[in-house]
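> After the sequence you'll find the predicted model.
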Amino acid sequence: MSTVLVTGAAGFIGHYVSQRLLERGVTVVGLDNLNDYYDVRLKEARLARMVDGPHKDRFRHARVNLEDRAAMEALFQRERFDSIIHLAAQAGVRYSLTHPHAYVDANLAGFMTILEGARAQQVRHLVYASSSSVYGANTKLPFSVQDPVERPISLYAATKRANELMAYVYATQFKVPATGLRFFTVYGPWGRPDMAAFKFIRAILAGEPIEVYNHGDMQRDFTYVDDIVEGVLRVHERAPAPDADGVRHKVYNIGNHKSEPLMRFIELLSQAIGRTPEMKLLPMQPGDVKATYAETDDLRREFDWAPSTPIDVGLPRLVQWYLDFYGGKPGPKSA
């Protein structure tokens with residue numbers, strides 16, 4: 001059976017992908033440096049689901065910084081990978097305004113070590129995480145992969161667009177088959193504390209006001225994590241065919257294909273918790289956009305993939321997990 005490198009294996013999406021691969025009989029090397037961008041205990045708890053789980057004999061954790069060239073070269077010399085699912089990154093739009101070098105290190109230098117490893121081993125397929133943030137200041141909805149992506153409004157977005165271009169070069173020059181997935185606002189159990197759903201739940205449970213940007217006039221294509229993971233795994237199974245120029249590289253949107261008003265999201269979250277929050281209405285934050293909406297026709301047609309979890313189903317699941325994980329109390333604050 002094959003061995004797959006999953007980076008960001010203690011992350012939100014990465015730990016789900018790792019578990020699903022293990023359930024299929026695949027050996028997984030899970031790379032994660034367990035940094036403190038948010039609560040390390042949550043990352044450790046996710047990792048424990050593999051390390052102490054029923055398939056622990058086929059899981060190996062590599063605690064390595066992506067940008068550490070020597071350590072990454074040693075990893076690729078020590079292990080042989082059939083494919084790579086690259087989900088590790090320095091995430092967060094607002095954090096990039098104050099910590100720019102973290103994004104250059106992890107998302108640019110770190111992605112280069114992945115590309116070089118994929119090139120050296122001539123892996124079957126490299127699947128990597130991009131982001132809806134690459135659409136930047138675009139206002140045409142829904143966002144299509146055919147749209148121009150030349151106006152990023154955050155450094156995070158710029159690094160994700162750079163990843164797509166870097167992968168294209170390696171597909172062109174070094175024949176590394178690669179697929180980029182532009183994720184749209186992923187939420188669900190075991191999620192990220194720096195994202196809105198987590199922050200809202202924590203604040204509501206603590207009796208604190210929730211911070212609502214652009215005075216609530218925002219829309220997001222909220223996508224449940226199980227739907228995202230299913231899409232990642234389907235794409236991973238089949239590397240892109242050569243295009244007209246013989247290049248095996250493709251980019252897809254992966255989202256719920258429904259742009260939901262932020263205020264409805266808050267209403268459903270409040271109903272699931274059973275409390276009405278006080279709202280602190282604030283202006284739009286730098287680097288943020290008013291609306292996102294994924295056009296996903298290519299992914300649906302080519303991989304028979306479709307999201308199946310509306311937010312009125314997914315949000316109660318997230319709230320129940322949160323209450324169970326944190327014992328009904330507010331979790332720690334995040335960046």
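Thanks, I have it. Numbering: from 1, shown residues only.

> Show me where the stretch 51-200 of the chain has its helices.
69-78, 95-98, 100-103, 110-121, 155-173, 196-206 (DSSP state H, counting those that start in this stretch).

> Dump those to a markdown table, plus distance to Tyr224.
Yep, even glycine has a C-beta here, placed from its N, CA and C like the rest. A markdown table is the format used below for the helices of the stretch 51-200 of the chain (distance: least, CB to CB, whole Å):
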| stretch | distance to Tyr224 |
| --- | --- |
| helix 69-78 | 32 |
| helix 95-98 | 24 |
| helix 100-103 | 27 |
| helix 110-121 | 27 |
| helix 155-173 | 21 |
| helix 196-206 | 11 |
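
> Could I get those helices in a markdown table, plus columns for mean neighbour count, distance to Gly331 and mean pLDDT?
Converted to a markdown table, these look like this (neighbours: other CB atoms under 10 Å; distance: least, CB to CB, whole Å; pLDDT from 0 to 100):
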| stretch | mean neighbour count | distance to Gly331 | mean pLDDT |
| --- | --- | --- | --- |
| helix 69-78 | 15 | 31 | 98 |
| helix 95-98 | 16 | 18 | 89 |
| helix 100-103 | 16 | 23 | 96 |
| helix 110-121 | 21 | 27 | 98 |
| helix 155-173 | 20 | 23 | 97 |
| helix 196-206 | 21 | 5 | 95 |
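
> Nearest to Asp304, out of the ones you listed?
helix 155-173 (24.1 Å; CB to CB).

> Which elements pack onto that closest one?
When contacts are defined as 3 or more CB pairs under 8 Å, 6 or more residues apart in numbering; DSSP states H and E, helix 155-173 packs onto helix 95-98, helix 100-103, helix 110-121, strand 125-131, strand 178-183, strand 249-254.

> What about the spatially closest residue to Phe59 that is not a sequence neighbour, how many residues nearby?
Nearest non-adjacent residue to Phe59, counting by CB to CB, 6 or more residues apart in numbering: Met50, 4.4 Å away. Number of residues near Met50 (other CB atoms under 10 Å) recorded here: 24.

> So for the helix or strand containing Met50, what gets flagged as buried?
Using DSSP states H and E, Met50 maps to helix 40-51. Neighbour counts using 16 or more other CB atoms under 10 Å place 42-43, 46-47, 49-50 of helix 40-51 among the buried residues.

> how about the strands in the stretch 201-335 of the chain?
Using DSSP state E, counting those that start in this stretch, the strands of the stretch 201-335 of the chain run over residues 210-212, 219-220, 223-224, 249-254, 260-261, 279-281.

> which neighbours does the fifth one have in its sheet, and in what orientation?
Paired with strand 260-261 in the same sheet, following DSSP bridges, are strand 219-220 (antiparallel).

> which other residues reach the partner strand?
Contact with strand 219-220 is made by 184-185, 259-262, 265, 290-293, as judged by CB atoms under 8 Å, 6 or more residues apart in numbering.

> Give me the buried subset of these.
By 16+ other CB under 10 Å, the contacts of strand 219-220 give 184-185, 259-260, 262, 265, 291-293 as buried.

> Present those as a markdown table; the columns should include pLDDT and distance to Leu75.
Listed next are these as a markdown table, based on pLDDT from 0 to 100; distance: CB to CB, whole Å:
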| residue | pLDDT | distance to Leu75 |
| --- | --- | --- |
| Phe184 | 97 | 31 |
| Thr185 | 95 | 31 |
| Ser259 | 95 | 40 |
| Glu260 | 97 | 40 |
| Leu262 | 97 | 41 |
| Phe265 | 97 | 39 |
| Ala291 | 94 | 40 |
| Thr292 | 95 | 35 |
| Tyr293 | 95 | 38 |
